[in-house]
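**Q** Quick one, fold the following:
(one chain, ligands or ions: 1)
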Amino acid sequence: MKDFVARWHLSAWDTGLMTAALELGSLIGALTAGTFTDQYSRRQSIFAASAIFCVGSALQFVAQSPEQLILGRGIGGIGVGALSMLSPLYMAEISPPEVRGSLMALEQFAIVVGAVLGFWTGFFTRDIAGSASWRIPLGIQLIPGILLGLGGLALPPSPRLLVAQGRVDEALASLARLRLRSVDESATDPLLQIELLEMQVEATLIEQTSSSDSMRIAKAGTLQAEVYAWRRLVGSKLLRRTLIGVVMMVFQQWSGINALLYYGPTLMHSLGLQGDAVTLMTAGGIGIVQFLAVFPAIIFIDRLGRRPLLRWGSIAMALSHLVIAVLISRYSTEWSTHALAAWVSVGCVYTFTAAYGVSYGPIGWILPSEVFPLSARSKGVALSTASNWTNNFLIGLLTPVFMERSASGTFLVFAAACFAGYVWSTYCVPETANVSLEEIDAVFGSSAGQEDVDLKRQIEVDLGLHDLIQQWAVRSNRDRAD
Ligand SMILES: O[C@H]1[C@H](O)[C@@H](O)[C@H](O)[C@@H](O)[C@H]1O
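**A** Below you'll find the predicted structure:
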């Protein structure tokens with residue numbers, strides 16, 4: 001890393017640009033993917049985003065100037081942003097409801113594994129002579145990028161998207177593959193048929209309810225249709241869900257996790273810890289605690305539900321920040337004679353991270369993908385992801401400014417945000433655990449009004465869903481009696 005610093009003599013502006021380029025690129029990538037993904041398959045979109053990410057990583061790897069590095073980070077960021085909305089979207093669409101939360105928490109698992117590997121790669125390569133000290137960590141990014149791009153092509157297509165495109169046979173084949181059933185079984189398996197019919201009911205409902213409004217007038221794929229689709233997110237039917245997705249990410253970021261990750265070493269200094277290795281190891285420890293915390297999240301997210309985890313997580317996070325703020329304000333000028341207070345603060349940083357890691361970390365990626373109906377899901381998730389990157393950017397920009405003014409005040413800001421998160425998750429967030437994506441409307445007391453409920457029931461009858469459920473219930477009662 002000494003080579004990196006010595007080679008380019010970066011100004012504060014360059015450093016800021018280098019950080020911001022990735023976040024700005026990600027913001028653009030998330031919104032662009034939200035615009036295009038419904039026209040292609042999720043797999044094609046994941047492949048394209050991975051390819052863009054690889055181009056950006058390659059540029060960073062061979063960079064000969066700060067400008068090239070910044071460009072590489074911007075392009076790589078577009079891929080990162082697109083993938084950060086495509087992955088939860090795809091995972092929500094292929095998961096069975098009863099384990100959807102656990103499966104989607106694997107996204108957070110992948111994020112923190114990546115962060116931990118990235119951190120420690122940088123840590124261990126920092127003393128290598130010459131530019132290899134920074135080219136190696138930048139080049140290693142290509143490996144997961146290539147694996148994801150190629151692996152993505154082998155993924156089963158999203159059955160929900162296929163149903164929406166009217167390709168029901170292909171949807172059934174993909175669903176069978178996802179639920180580990182053979183083609184023969186898929187034709188007779190009642191559970192598979194019910195799942196498919198539920199998807200068809202939702203698709204038909206969307207088509208029929210949109211027939212009266214401007215969605216039909218604007219032809220799919222045109223600019224007018226795009227504008228309409230984005231505007232729908234803030235219309236009366238979807239506004240509450242849009243707010244849940246966007247605000248979820250506001251609270252995830254304002255919990256302060258990235259302030260700890262980006263400025264961990266500086267922060268540990270302000271807590272009186274000395275020495276490069278100690279501070280780096282402590283900041284690296286935050287990544288490891290996040291990693292360990294994903295496991296209880298995977299186990300409990302469907303059993304306990306999203307809301308209890310968010311509520312208890314907020315309280316533990318707010319209290320941890322509060323204790324740190326008090327300790328800093330009392331002892332920051334005399335840490336050396338109050339080692340215990342310093343270590344309690346470090347303990348609170350880890351307690352915060354553990355609480356975040358089982359709650360706002362994974363649920364931030366889960367909830368936005370669950371709350372939207374299929375017709376608005378890709379754009380809703382894209383907007384929520386854009387909120388993640390915007391707030392991430394703001395935290396990176398503002399934390400040093402806050403810290404310079406008052407370190408304890410900075411922790412108070414995060415404590416207040418976590419407390420607000422508690423109030424929000426208690427009063428505004430519906431429970432989505434164990435509810436199929438098609439039943440989410442009911443959770444929100446929508447689809448606005450009795451008319452749609454009646455229409456939905458009629459479509460269910462027309463498509464034979466009620467008959468199928470009845471037959472299945474009779475058959476399973478008979479099996480049990482035998
Ligand atoms: O869920 C992730 C994760 O917790 C990361 O550590 C953090 O850097 C991201 O901003 C967040 O979205």
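
**Q** so what does the helix or strand harbouring Thr426 touch, helix or strand wise?
**A** Secondary-structure assignment from DSSP states H and E places Thr426 in helix 407-427. Identification of packing neighbours for helix 407-427 by 3 or more C-beta pairs under 8 Å, 6 or more residues apart in numbering; DSSP states H and E yields helix 239-254, helix 257-270, helix 306-331, helix 374-405. (Glycine included, C-beta is placed from N, CA and C.)

**Q** at 7 Å instead, please
**A** Helices and strands touching helix 407-427, by 3 or more C-beta pairs under 7 Å, 6 or more residues apart in numbering; DSSP states H and E, are helix 239-254, helix 306-331, helix 374-405.

**Q** helix or strand right after that helix?
**A** helix 440-443.

**Q** returning to what we had before: now the helices and strands packed on helix 407-427 in JSON lines, with mean pLDDT and distance to Glu198?
**A** Putting the helices and strands packed on helix 407-427 into JSON lines (pLDDT from 0 to 100; distance: least, C-beta to C-beta, whole Å) gives the following:
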{"stretch": "helix 239-254", "mean pLDDT": "97", "distance to Glu198": "19"}
{"stretch": "helix 306-331", "mean pLDDT": "96", "distance to Glu198": "21"}
{"stretch": "helix 374-405", "mean pLDDT": "92", "distance to Glu198": "11"}
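
**Q** Mean neighbour count and distance to Pro430 for these - can I get that in TSV?
**A** Below are these laid out as TSV (neighbours: other C-beta atoms under 10 Å; distance: least, C-beta to C-beta, whole Å):
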stretch	mean neighbour count	distance to Pro430
helix 239-254	22	8
helix 306-331	21	8
helix 374-405	21	15
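
**Q** give me the residue from the chain nearest the ligand.
**A** Gly361 (4.0 Å; C-beta to the nearest ligand atom).

**Q** gap between that residue and Leu271?
**A** Applying C-beta to C-beta, to the nearest Å, the value for Gly361 to Leu271 is 23 Å.

**Q** Also Gly77?
**A** 31 Å.

**Q** Point out the residues in the stretch 301-450 of the chain that sit beside the ligand.
**A** Counting by C-beta under 6 Å from any ligand atom, the residues of the stretch 301-450 of the chain close to the ligand are Gly361, Gly364, Asn388, Asn392.

**Q** just so I have it, where are all the strands in the stretch 101-250 of the chain?
**A** Taking DSSP state E, counting those that start in this stretch, the stretch 101-250 of the chain contains no strands at all.

**Q** Would you mind listing what in it touches the ligand?
**A** Neighbours of the ligand within the stretch 101-250 of the chain, by C-beta under 6 Å from any ligand atom: Gln108, Ile111, Val112, Ala115.

**Q** Just give me the least confident of those residues.
**A** Across the set of those, Ala115 stands lowest in pLDDT, at 90.

**Q** OK, contacts around the closest residue to that residue other than its chain neighbours?
**A** In space, and not counting its chain neighbours, Ala115 is closest to Gly287: 5.2 Å by C-beta to C-beta, 6 or more residues apart in numbering. By C-beta atoms under 7 Å, 6 or more residues apart in numbering, the residues touching Gly287 are Val112, Ala115, Val116, Phe119.

**Q** All set, thanks.
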